[in-house]
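# have a look at this fold, sequence not included:
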DNA sequence: ATAGTTAACGTAATTAGTACGTTAATAAAA
DNA sequence: TTTTATTAACGTACTAATTACGTTAACTAT
């Protein structure tokens, strides 16, 4: 059964990834319109999102958008802000594109935005390619379609704030990671340097950070111990640990 | 010119007030429907809100709702969450009421929620009465129409989190207040006691808390100095002071 | 072997936070 | 006029957390 879109409401997702060096966001190509689609198919970039269906839960819409791109359906989502100015869609092409997608006359779209943290290794390149999606460094997310520059900027602010308040960003790391991986993540997100020895002392207090007996391999220096994240202990402890972390 | 409503979108406001003892929220009566409106006119309670107009900014809608009830138009608003489950309007009467208000067929309403802090003395009793609005203690906000119980609960959580992260709740106090007024506010919102002497030391570090030469009057004990809040200094300092306060 | 690189442990000094005691100023009661 | 009740306002010793460092260990590449 085909579901009908609500022409006034959409859901957009800012998906964050971390490749051990940089914080990235996932963007997809907004197809160029037929008329201007002359030579190549590479269009303007946007963040993943679509109009809401009439009977659809907001979280379900966001999850389905993520699942299509990443394949994983159990990724925690954070609703962070609504963008709904009557004039937020400034470019006539953006509007035409929306109408071509939905076959509906579109006047104004209020979009409910979510962000999620993605293990960058979970996203298969083939799936990304087939959706013409790719990771770009957050500071290169400029000139996106609609008001998506602003949406990405605000999502980043919320992520920063959340990370300062509670240490939960393990989802951006691979399953096994070194303490220095973790520190690099904190430094990149918060744009702030930490003393390695003090960071280590502080982070090791977290009961849900588990030391394994695995070691880093293929490095040309002393290999570090690998750690992993115990989600069950995290669920138990996040309430107490949630405020005032770093 | 009459503006048309968007039948799928509304804005609701949780307005917090503080009467030196209790944290309160402003509620209005949802008119009983004609049929059941037999004896008296006191209806079910709801928080203030309405459908969005087609060309209206979200913040403007929220501001207009507040201005109508409080009269003051420059109150900072915080967008905190969207409530948009397809089945969030459970009571048939709530739906009928919406349709009677808007003369539109309503299927599903996604509501964008804001909260604001109100000096309780700014709200004129006459204005409140004419809108059949009143302040009720937050823990008595039960059995409200729609899913407004949940909305109030969530708004309160956000307020708590915000107050823990940054000390900005001066808008809940009268212009001149004692340090004990301020402490009582913190204790009520955070549901936590503070040592009077330590609270005083900590709060006096805030550069935007200004000592005046006025004194408390009409108290049968040693009168306290009155303080006020310097908004300009607050704007300058909030960035640095914003995290990790109490 | 030696140099280069990052891992991992430790400690003194500083700063912030907590738990208290004491005196001061006012109104009302005795 | 003294006493009592009540809250204001100041101060200080103790404890916990944070910061700023030094040092040694384990690995690779030359």
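That came through, no problem. Keep in mind it's a predicted model, so treat the numbers as computed, not measured. Numbering: from 1, shown residues only, chains lettered A, B, ... in the order given.

# which strands or helices does the strand or helix carrying residue A:112 pack on?
Under DSSP states H and E, the secondary-structure element containing residue A:112 is strand A:110-117. Other elements packing on strand A:110-117 under the criterion 3 or more Cβ pairs under 8 Å, 6 or more residues apart in numbering or on different chains; DSSP states H and E are strand A:5-18, helix A:58-70, strand A:77-83, helix A:148-165. Glycine gets a C-beta too; all of them are placed from N, C-alpha and C.

# where along chain A do the strands fall?
The residue ranges that make up the strands of chain A, judged by DSSP state E, are A:5-18, A:23-30, A:44-46, A:49-53, A:77-83, A:110-117, A:133-137, A:209-215, A:225-229.

# ok, which of those strands comes nearest DNA strand C?
For the strands of chain A, the distance to DNA strand C is smallest for strand A:225-229, at 3.5 Å, taking Cβ to the nearest atom of the strand.

# return the residues in contact with the nearest residue to residue A:232 once chain neighbours are set aside.
Spatial nearest neighbour of residue A:232, chain neighbours left out: residue A:208 (7.9 Å); criterion: Cβ to Cβ, 6 or more residues apart in numbering or on different chains. Taking Cβ atoms under 8 Å, 6 or more residues apart in numbering or on different chains as the definition of contact, the neighbours of residue A:208 are A:229-234, A:236-237.

# could the strands of chain A be laid out in JSON lines, adding distance to DNA strand D?
JSON lines is the format used below for the strands of chain A (distance: least, Cβ to the nearest atom of the strand, whole Å):
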{"stretch": "strand A:5-18", "distance to DNA strand D": "23"}
{"stretch": "strand A:23-30", "distance to DNA strand D": "22"}
{"stretch": "strand A:44-46", "distance to DNA strand D": "38"}
{"stretch": "strand A:49-53", "distance to DNA strand D": "38"}
{"stretch": "strand A:77-83", "distance to DNA strand D": "25"}
{"stretch": "strand A:110-117", "distance to DNA strand D": "24"}
{"stretch": "strand A:133-137", "distance to DNA strand D": "28"}
{"stretch": "strand A:209-215", "distance to DNA strand D": "7"}
{"stretch": "strand A:225-229", "distance to DNA strand D": "10"}
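
# measure the closest residue to residue A:141 other than its chain neighbours to DNA strand D for me?
Counting by Cβ to Cβ, 6+ apart, residue A:141 lies nearest to residue A:152, which is 4.8 Å off, once chain neighbours are set aside. When Cβ to the nearest atom of the strand, to the nearest Å is applied, the distance between residue A:152 and DNA strand D equals 30 Å.

# next: residue A:74.
For residue A:74 relative to DNA strand D (Cβ to the nearest atom of the strand), the value is 32 Å.

# adding mean neighbour count and distance to DNA strand C as columns, could you present the strands of chain A in a markdown table?
Shown next, in a markdown table, are those (neighbours: other Cβ atoms under 10 Å in any protein chain shown; distance: least, Cβ to the nearest atom of the strand, whole Å):
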| stretch | mean neighbour count | distance to DNA strand C |
| --- | --- | --- |
| strand A:5-18 | 24 | 16 |
| strand A:23-30 | 22 | 19 |
| strand A:44-46 | 19 | 33 |
| strand A:49-53 | 22 | 38 |
| strand A:77-83 | 19 | 27 |
| strand A:110-117 | 24 | 22 |
| strand A:133-137 | 17 | 21 |
| strand A:209-215 | 12 | 8 |
| strand A:225-229 | 18 | 4 |
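
# among those, which comes closest to residue B:186?
Each of the strands of chain A has some distance to residue B:186 by Cβ to Cβ; the shortest is strand A:77-83, at 26.5 Å.

# the closest one close to chain B?
Yes - between strand A:77-83 and chain B, judged by Cβ under 8 Å from any Cβ of the partner chain, the touching residues are A:79, A:81-82.

# can you redo these as CSV with pLDDT?
Shown next, in CSV, are those (pLDDT from 0 to 100):
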residue, pLDDT
A:79, 97
A:81, 98
A:82, 98
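
# turn those residues into a markdown table, columns for distance to residue A:123.
A markdown table is the format used below for the residues of strand A:77-83 next to chain B (distance: Cβ to Cβ, whole Å):
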| residue | distance to residue A:123 |
| --- | --- |
| A:79 | 22 |
| A:81 | 24 |
| A:82 | 26 |
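
# for these, which one is nearest chain B?
Within these, proximity to chain B (Cβ to the nearest Cβ) peaks at residue A:82, which comes in at 5.1 Å.

# and the closest one, bridged to which residues?
With DSSP bridges applied, the residues forming beta bridges to residue A:82 are residue A:112.

# residues near the residue in chain A that DNA strand D sits nearest to, how many?
Taking Cβ to the nearest atom of the strand, DNA strand D has its nearest neighbour within chain A at residue A:222, 2.8 Å off. Other residues near residue A:222 come to 7 when the count uses other Cβ atoms under 10 Å in any protein chain shown.

# alright, that wraps it up for me.
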